[in-house]
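A.B. asks: Pasting a predicted model and its sequence here:
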Amino acid sequence: MDLIIEGIKKAFLLFINLDPEVINITLFSLKVSGIATFISLFIGISSGTAIALLRFPGKKIVVSLVNTGMGLPPVVVGLFVTIFLWRNGPFGFMEILYTPSAMIIAQAIIATPIVMGITVAAVQQLPEKLRLQIIALGATRSQMVWTLVKEAKLPLLAAVMAGFGGVISEVGASIMVGGNIKGYTRVLTTATVMETSKGNFDIAIALSIILLVMAFLVNLVLTLVQQRRRPN
Amino acid sequence: MKNQKIILEGRNIQVKKGRTVILDVPEIQIHGGEFLSVIGSNGAGKTTLLQALCCLMKPDRGEVLFRGRKVGSECNLIDYRRKVTMVFQEPLLFDTTVFGNVASGLKFRGMRQSETEAIVMENLERFGIGHLKNRSARTLSSGEARKTGLARAFALKPEILFLDEPFGSLDPLARDNLFSDLEKIIPGSGLTVIFATHDCEEALRLSHRIAVMNSGEIIQVDEPEKVLKRPVNNFVASFYRLNKS
């Protein structure tokens, strides 16, 4: 118990003193996970909407695969991204392994199926006749799709929260493709793992509290937006 | 109405659900300015017929002709859809204000905000809901939502208006009020209306002709008086007797 109290005190002090390393790690974590979430939103919402609206053979299998992908283990993603970006790998020529770019790619791969799966469910739960109503009002195909996405905005905000939550908290892929290099690829989760392995539990607790607070604040903002738009 | 040119025609339209034929209409012609009511019980194929004629679905067979030109080949599909519109049984409003809903079809047509405003307000006032323009569509009563849906359709100034049981699930008084609004607007407007309902008395109020449907087929299309006095078979005769509201 003393250890936890000590950790909370340490977290408070690290923030009060604006510890440059902690601030940098926090901002870097936000940057990497923010960009990865943004990429996953772009890919996940567009492909999820397409899957929801199109009729094609094997659609149920594709949806099942997407839903399976929602629980994609970060270490598996980390392993395959490492193999692909390894010096002799297919994308080794890019020389981005152990860089923030590799971390963004890995995190985007983790978040995309989460966003895609929630998008499929969100668009499919809209009334079938809503699509016909939009067409009957003279919308082109792209206008129809955009209107449907706007109508599904409440569950799509949940997709943003789930996607961001999934990547800000993952450690396996980030440590494998980023390497936890101080001042370059170190994020809150990888720093927490390192401090724990060194026995610096107070710093590890402090870092995890910062991680929790940050995740809470981002989700609080998104939840406030979501609940403000919720129908009465 | 027979003096008017044919504005819309359906030929050999067949729609299947699995292996079951749910709509089979060899021919239907609608004249410009006509009010055609399509009556039939639930599952008779009224909605499917309207959706096929509005080109919201692709029939398994057959074609729709608008002013004599085949929709989809001789007449561009989007162009056709922008000359007609449909009001469904459910209001199907968007998650925005009443104003935003009524303006939505105009925005799809790329109309500027300045032009949109006057048209939207004119149609909101027409249905007596101008005071609701800034209200969220989610907070409307059923009657207000139906009026918003109708205002949204009329704002587009369509040549053909498809009404698919737009007063369904409303209480009799609200139905009567809405129908009275339509009675003020439609006659003399030159608008062609295809109105699906299972209420025969409602169908008689504005119709130039009535089409009676059963099991996906049109049994009789005639002027209301002829349908009442000279039904082609027992089904048509009994349908009116049983479906007076």
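C.D. replies: Noted; the coordinates are in hand. Computed from a predicted model, the values in this text were never measured in an experiment. Numbers count the residues shown, from 1 in each chain, chains lettered A, B, ... in the order given.

A.B. asks: Name the nearest residue to the residue of chain A most remote from its centre, ignoring sequence neighbours.
C.D. replies: Each residue of chain A has a distance to the centre, and by Cα atoms, centre = their mean the biggest one is for A:Ala136: 36.8 Å. Distances taken as Cβ to Cβ, 6 or more residues apart in numbering or on different chains place B:Met86 nearest to A:Ala136, at 4.0 Å, with adjacent residues excluded. For glycine as for every other residue, the C-beta is placed from the backbone atoms N, C-alpha and C.

A.B. asks: what about that neighbour, is that helix, strand or coil?
C.D. replies: Recorded secondary structure, B:Met86: strand (DSSP: H, G, I helix; E, B strand; the rest coil).

A.B. asks: For it, the count of nearby residues, please.
C.D. replies: Counted with other Cβ atoms under 10 Å in any protein chain shown, the neighbours of B:Met86 add up to 27.

A.B. asks: Pretty sure it sits against B:Cys54.
C.D. replies: Yes. Assessed by Cβ atoms under 8 Å, B:Met86 is found in contact with B:Cys54 at 5.0 Å.

A.B. asks: Any chance you could list residues touching both of those two?
C.D. replies: Counting by Cβ atoms under 8 Å, 6 or more residues apart in numbering or on different chains, the contacts common to B:Met86 and B:Cys54 are A:Ala136, B:Phe162.

A.B. asks: Report the contact partners of the residue farthest from the centre of chain A.
C.D. replies: Residues near A:Ala136 by Cβ under 8 Å, 6+ apart: B:Cys54, B:Leu56, B:Arg81, B:Val84, B:Thr85, B:Met86, B:Phe88, B:Phe162.

A.B. asks: In which helix or strand does the last one reside?
C.D. replies: What that stands for is B:Phe162. In the assignment (DSSP states H and E), B:Phe162 maps to strand B:160-164.

A.B. asks: helices or strands up against that strand?
C.D. replies: With contacts taken as 3 or more Cβ pairs under 8 Å, 6 or more residues apart in numbering or on different chains; DSSP states H and E, strand B:160-164 sits against helix B:46-53, strand B:84-87, strand B:192-197.

A.B. asks: any chance of the ones you listed in CSV, with mean pLDDT too?
C.D. replies: Converted to CSV, the helices and strands packed on strand B:160-164 look like this (pLDDT from 0 to 100):
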stretch, mean pLDDT
helix B:46-53, 97
strand B:84-87, 97
strand B:192-197, 96
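
A.B. asks: Turn these into TSV, including distance to A:Val63.
C.D. replies: Below are the helices and strands packed on strand B:160-164 laid out as TSV (distance: least, Cβ to Cβ, whole Å):
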stretch	distance to A:Val63
helix B:46-53	26
strand B:84-87	30
strand B:192-197	34
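
A.B. asks: Indicate which one of those is closest to B:Ser141.
C.D. replies: B:Ser141 lies closest, by Cβ to Cβ, to one member of those: strand B:84-87, at 17.1 Å.

A.B. asks: Chain B contacts on chain A?
C.D. replies: A:127, A:129-130, A:132-133, A:135-140, A:143, A:147, A:150-151, A:153, A:229, A:231-232 (Cβ under 8 Å from any Cβ of the partner chain).

A.B. asks: If you count contacts, what does the helix or strand where B:Leu228 lies end up packed against?
C.D. replies: Under the criterion of DSSP H and E, B:Leu228 resides in helix B:224-229. The contact analysis (3+ Cβ pairs under 8 Å, 6+ apart) places helix B:224-229 against strand B:209-214, helix B:234-242.

A.B. asks: Can you tell me which of these is packed in deepest?
C.D. replies: Neighbour counts (mean count of other Cβ atoms under 10 Å in any protein chain shown) averaged over each of those peak at strand B:209-214, with a mean of 24.

A.B. asks: Now tell me what touches that strand from outside.
C.D. replies: Outside strand B:209-214, the residues within contact range by Cβ under 8 Å, 6+ apart are B:1, B:28, B:34-41, B:44-46, B:49, B:203-204, B:218-224, B:227, B:235-236, B:239.

A.B. asks: what do you get for stretch B:176-192?
C.D. replies: By Cβ under 8 Å, 6+ apart, the residues outside stretch B:176-192 that reach it are B:7-8, B:30-35, B:126-128, B:143, B:146-147, B:150, B:154, B:158-161, B:166-167, B:170, B:193, B:202, B:205-206.

A.B. asks: Any of these buried? List them.
C.D. replies: If you count burial by 16 or more other Cβ atoms under 10 Å in any protein chain shown, the buried members of the contacts of stretch B:176-192 come out as B:7-8, B:30-35, B:126-127, B:143, B:146-147, B:150, B:154, B:158-161, B:166-167, B:170, B:193, B:202, B:205-206.

A.B. asks: Out of the residues you listed, which sit inside strands?
C.D. replies: Among the buried ones among the contacts of stretch B:176-192, the ones falling in strands (DSSP state E) are B:Ile7, B:Leu8, B:Ile30, B:His31, B:Phe35, B:Ile160, B:Leu161, B:Val193.
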